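S.K.: pasting a predicted model and its sequence here:
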2 protein chains.
Amino acid sequence: MAPVFSFRVLHRDGPARCGEMTTAHGVVQTPAFMPVGTCGAVKGVTSRDLLDAGAEIILANTYHLWLRPGDQRIARLGGLHRFMGWDRPILTDSGGFQAFSLGARRVITEEGIRFRSHLDGSEHLLTPEGATDIQAGLGPDIAMALDECLAQPAPVSEVRASTERSARWARRCRDRFLALSEEKGPGPFSGTVTNPGQAQFGIIQGGTVPELRALSVEWTLAIGFEAYAIGGLSVGEPRDTMCSVVEHTAPLLPADRPRYLMGVGTPLDIVEAVSRGIDLFDCVIPTRNARNGQVFTSEGRLTIKNAKYADDAGPLDPACTCYTCRTYSRAYLRHLFVAGEITASVLNTVHNLRFYLDTMARVRQAIVFGTLETLRRSLRTTFSRPLSDS
Amino acid sequence: MAPVFSFRVLHRDGPARCGEMTTAHGVVQTPAFMPVGTCGAVKGVTSRDLLDAGAEIILANTYHLWLRPGDQRIARLGGLHRFMGWDRPILTDSGGFQAFSLGARRVITEEGIRFRSHLDGSEHLLTPEGATDIQAGLGPDIAMALDECLAQPAPVSEVRASTERSARWARRCRDRFLALSEEKGPGPFSGTVTNPGQAQFGIIQGGTVPELRALSVEWTLAIGFEAYAIGGLSVGEPRDTMCSVVEHTAPLLPADRPRYLMGVGTPLDIVEAVSRGIDLFDCVIPTRNARNGQVFTSEGRLTIKNAKYADDAGPLDPACTCYTCRTYSRAYLRHLFVAGEITASVLNTVHNLRFYLDTMARVRQAIVFGTLETLRRSLRTTFSRPLSDS
């Protein structure tokens, strides 16, 4: 099958790009934000809600789906799209990050990551080949290579060793991916390739060391993936650090491929990264914060539990047209949150996702019209304010 | 304001009736099932989901809304319809049942029910006048009189005393309701009447003693309400007992008013009661069971957690066209339930409500075509089966 993955840049505003990424399940306008469906569902909402919010692509977590309900079960059921009732693009991560952060007694060797499941303590080994096979069964439109997630801060020698290992793992992931493609046959793989149009992205590591980032780019580009992600950021470092790594690394990546900044971030993080040439984002912030009663609005963040909203008859965000803002008052949403109602999570999530996806639409529009800097300053003003409730 | 509440019977099939109940917020086709929105939200779903499911009227709990966020707060915000984002009919109960069942250290006197809040231990007194005032502020289309909920079984002398007290309380509720109407002015009431078209239903008590049920009907009809409910059932008695009380009591109630059987029940309970002349129902079963993974289908009940659904690519109910059944497999729904995802509650609730409301539509159709007995036998067969999973 001919590769279906492609990308084209339509507009530029400085390093920022507005483009179209074509996948086996359709087109994504970039810069794009991917809501996170950790266990195969974006927490609190349905596929219909995601469409309503304007989501064009979502992310699911390989680690979670591999352990439960199992990648081969999902493959037998026709793959992740059919399983999740979502027929637009999906990206899965490699499972490495969660194996590091959730797995117990993890041991990293050249072979891969050995760990015990956070669910039942069972022992598992995640190798570059395994991560590739699992994603072949899940069948997302974009699979990610397995990389090593090094805890920061770490001495440069460790960062270098880890970056080198990630490059070796990337090579093994790509070899496996190519072996699974129709040209080369499935090799020792006993699973199912549920999405023959799948693309695979490599991941740039190198911590905060510019030379190592540059080396990682060199090694990863030499392997050759459909596109590239910047990993190892959004792990607690200051925004300035993240920005400077992105500013250094993004221009080293091919201009004709989308650039994905993993795990980022707040609206402000996103616009800063877009203005440095990033095209794809994912983050649990809009959904997790929604469940915790933290709402993003055009006027800044808002803590719905705050007593001052108890009698507030207005919508969460007067500038928003999502179902929540069209239908319910802050007073009602505060009441549902305080009462612990599930519907509070649903309605806050519907809003936060719309806010994020609307923000991405504004970002794309600003790039088309050459006004990204104005938008960046405006978001900086809105989200640098102290919380409106504090 | 002229009374807007009315009811007309359009078709009969034995004692069963198919009709239209008109309220200040529109028409309800009867027999009707009211999803329960305990704290001002039907747990797990939005108003949009309720409309999708075909709900024409919902119930909210006075006790919960009175204690939190407060009836006068809801009144200031324009009443329950605006607060909940639901512009179709609403019925509220009187708060008595929850004050009995949830309140701590409750003491019942002729004055009313004194209890401590299950939320914060604060002391409250719910009187017939208070229950009427609270519901005037909440503004449902149908308010319920405060009655005494006697724990069963009880000696006949106690049932009689309680039934007499309920009748005295009903008188006080009606007097207060009339005093709040525009003709007589608000009296000592300092709140707001948010729905001038509100109707008030009286409640028949009398336990399982036919003579006391008949007396309760006599006393309550003498007071005169827009319509009448049968209370004190669905509190753990066998279905046969419930059926015989309904069979005895329903014919004593005016044929030109809707009859509401409070807190009932399973699909089978409902069709048995409809065939004895009942027009309105409410119950937490479809929503609570959904959250616990118990699903109603045209083939009987189904426990979604059961391992046999892990690879089941089919819909919950092949005969259902709800969003859940159109979009997701049993395998996916089982996965979400096992993973503890909020979306599992949402999707199961969407389905169970549709099943209940579809069942009511089938009941109404059967009455129109004179085939209720056939439907009753069919439901009896479906829901008398052992669980399909057991």
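M.R.: That came in fine, so what should we check first? From a predicted model like this one, the values you see are computed outputs, not experimental measurements. Residues are numbered from 1 along each chain as shown, chains lettered A, B, ... in the order given.
S.K.: pLDDT weak spots in the stretch 101-250 of chain A?
M.R.: Applying pLDDT under 70 to the stretch 101-250 of chain A picks out residues A:182-187.
S.K.: how about the helices in it?
M.R.: Counting by DSSP state H, counting those that start in this stretch, the stretch 101-250 of chain A has helices at residues A:128-138, A:156-180, A:210-223, A:239-249.
S.K.: so which of these comes closest to A:A290?
M.R.: helix A:239-249 (22.0 Å; Cβ to Cβ). The way it works is simple: take the backbone N, C-alpha and C, and place the C-beta from them, glycine included.
S.K.: re earlier: tell me the most buried of the helices of the stretch 101-250 of chain A?
M.R.: Comparing the helices of the stretch 101-250 of chain A by mean neighbour count (mean count of other Cβ atoms under 10 Å in any protein chain shown), helix A:128-138 comes out on top with a mean of 26.
S.K.: I'd like to know which elements it is packed against.
M.R.: Of the remaining helices and strands, those touching helix A:128-138 by 3 or more Cβ pairs under 8 Å, 6 or more residues apart in numbering or on different chains; DSSP states H and E are helix A:62-67, helix A:71-76, strand A:142-144, helix A:156-180.
S.K.: one more time with 6 Å, if that's ok
M.R.: Packing partners of helix A:128-138 (3 or more Cβ pairs under 6 Å, 6 or more residues apart in numbering or on different chains; DSSP states H and E): helix A:62-67, helix A:71-76, helix A:156-180.
S.K.: would you map the strands across the stretch 251-390 of chain A?
M.R.: Counting by DSSP state E, counting those that start in this stretch, the stretch 251-390 of chain A has strands at residues A:259-261, A:280-282, A:294-297, A:300-303.
S.K.: settle this for me: A:Q98 is touching A:T62, isn't it.
M.R.: No: look at A:Q98 against A:T62 with Cβ atoms under 6 Å: they stay out of range, at 7.9 Å.
S.K.: now the stretch 151-300 of chain A against chain B: closest residue?
M.R.: Of all residues in the stretch 151-300 of chain A, A:R291 sits closest to chain B, at 7.8 Å by Cβ to the nearest Cβ.
S.K.: tell me the contacts of the residue nearest to that residue when sequence neighbours are not counted?
M.R.: Excluding its sequence neighbours, the residue lying closest to A:R291 (Cβ to Cβ, 6 or more residues apart in numbering or on different chains) is A:S345, at 4.6 Å. Residues near A:S345 by Cβ atoms under 6 Å, 6 or more residues apart in numbering or on different chains: A:G44, A:R291, B:I342.
S.K.: show me the residues you listed that map onto helices.
M.R.: Counting by DSSP state H, the contacts of A:S345 place A:R291, B:I342 in helices.
S.K.: now distance to B:T297 too, for the contacts of A:S345, in CSV please.
M.R.: Output for the contacts of A:S345, formatted as CSV (distance: Cβ to Cβ, whole Å):
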residue, distance to B:T297
A:G44, 25
A:R291, 30
B:I342, 22
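S.K.: the host helix or strand of A:C18 pairs with which strands, parallel or anti?
M.R.: Using DSSP states H and E, A:C18 falls within strand A:16-23. Sheet pairing of strand A:16-23 (DSSP bridges) gives strand A:6-13 (antiparallel), strand A:26-30 (antiparallel).
S.K.: gap between the last one and the chain center?
M.R.: On the basis of Cα atoms, centre = their mean, to the nearest Å, the separation between the geometric centre of strand A:26-30 and that of its chain is 15 Å.
S.K.: likewise stretch A:199-209?
M.R.: Chain-centre distance of stretch A:199-209: 14 Å, with Cα atoms, centre = their mean.
S.K.: OK, contacts around the closest residue to chain B within the stretch 101-250 of chain A?
M.R.: Going by Cβ to the nearest Cβ, chain B is nearest to A:L119 of the stretch 101-250 of chain A, at 9.3 Å. By Cβ under 6 Å, 6+ apart, the contact list for A:L119 reads A:L67.
S.K.: A:A143 now?
M.R.: A:T92, A:Q135, A:Q198, A:Q200 are the contacts of A:A143 under Cβ under 6 Å, 6+ apart.
S.K.: which non-adjacent residue is nearest it?
M.R.: A:Q135 is the one closest to A:A143 (Cβ to Cβ, 6+ apart), at 3.7 Å.
S.K.: okay but that neighbour is in contact with A:T92, surely?
M.R.: Yes: in terms of Cβ under 6 Å, A:Q135 counts as a neighbour of A:T92; the distance is 5.3 Å.
S.K.: show me what from chain A comes close to chain B.
M.R.: Residues of chain A found near chain B (Cβ under 6 Å from any Cβ of the partner chain) are A:39, A:41, A:43-44, A:69, A:77, A:83, A:85, A:313, A:327-328, A:331-332, A:335-336, A:339, A:341-343, A:345.
S.K.: and those residues, which of them are buried?
M.R.: By neighbour count, with 16 or more other Cβ atoms under 10 Å in any protein chain shown, the residues of chain A next to chain B hold A:39, A:41, A:43-44, A:69, A:77, A:83, A:85, A:327-328, A:331-332, A:335-336, A:339, A:341-343, A:345 as buried.
S.K.: how much space between the residue nearest to A:E111 when sequence neighbours are not counted and A:R82?
M.R.: Of all residues not flanking A:E111 in the chain, A:T127 sits nearest, at 6.0 Å (Cβ to Cβ, 6+ apart). Using Cβ to Cβ, to the nearest Å, A:T127 is found at 27 Å from A:R82.
S.K.: what about stretch A:60-79, start to end distance?
M.R.: Chord length of stretch A:60-79, first to last residue, is 12 Å (Cα to Cα, to the nearest Å).
S.K.: gap between it and the chain center?
M.R.: Its chain's average C-alpha position is 18 Å from that of stretch A:60-79, according to Cα atoms, centre = their mean.
S.K.: can you give me the mean pLDDT across it?
M.R.: Mean pLDDT, computed over stretch A:60-79, is 97.
S.K.: show me what contacts A:T163?
M.R.: By Cβ under 6 Å, 6+ apart, the residues touching A:T163 are A:Q205, A:G206, A:L212, A:S216.
S.K.: now for these, which pair is the farthest apart?
M.R.: Using Cβ to Cβ, the contacts of A:T163 span at most 7.6 Å, a distance reached by A:Q205 and A:L212.
S.K.: just checking, A:T324 touches A:N352?
M.R.: No: between A:T324 and A:N352 there is no contact under Cβ under 6 Å: 9.2 Å.
S.K.: hang on, isn't A:W219 packed against A:W169?
M.R.: No: using Cβ under 6 Å as the test, A:W219 is too far from A:W169 to be in contact (10.9 Å).
S.K.: quick check: A:F33 touching A:M360?
M.R.: Yes: counting by Cβ under 6 Å, A:F33 does reach A:M360; the two are 4.9 Å apart.
S.K.: out of the two, which sits in the busier spot?
M.R.: A:F33 (28 against 23; other Cβ atoms under 10 Å in any protein chain shown).
S.K.: quick one: that one is in a helix?
M.R.: No: counting by DSSP: H, G, I helix; E, B strand; the rest coil, A:F33 is not part of a helix but strand.
S.K.: distance of it relative to A:I270?
M.R.: The value you get for A:F33 to A:I270, if Cβ to Cβ is used, is 7 Å.
S.K.: run through the residues that contact the nearest residue to A:P258 once chain neighbours are set aside.
M.R.: Distances taken as Cβ to Cβ, 6+ apart place A:D279 nearest to A:P258, at 4.2 Å, with adjacent residues excluded. Counting by Cβ under 6 Å, 6+ apart, A:D279 touches A:T30, A:P31, A:P258, A:R259.
S.K.: using JSON lines, lay out the strands of the stretch 251-390 of chain A together with mean neighbour count.
M.R.: Converted to JSON lines, the strands of the stretch 251-390 of chain A look like this (neighbours: other Cβ atoms under 10 Å in any protein chain shown):
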{"stretch": "strand A:259-261", "mean neighbour count": "28"}
{"stretch": "strand A:280-282", "mean neighbour count": "24"}
{"stretch": "strand A:294-297", "mean neighbour count": "23"}
{"stretch": "strand A:300-303", "mean neighbour count": "18"}
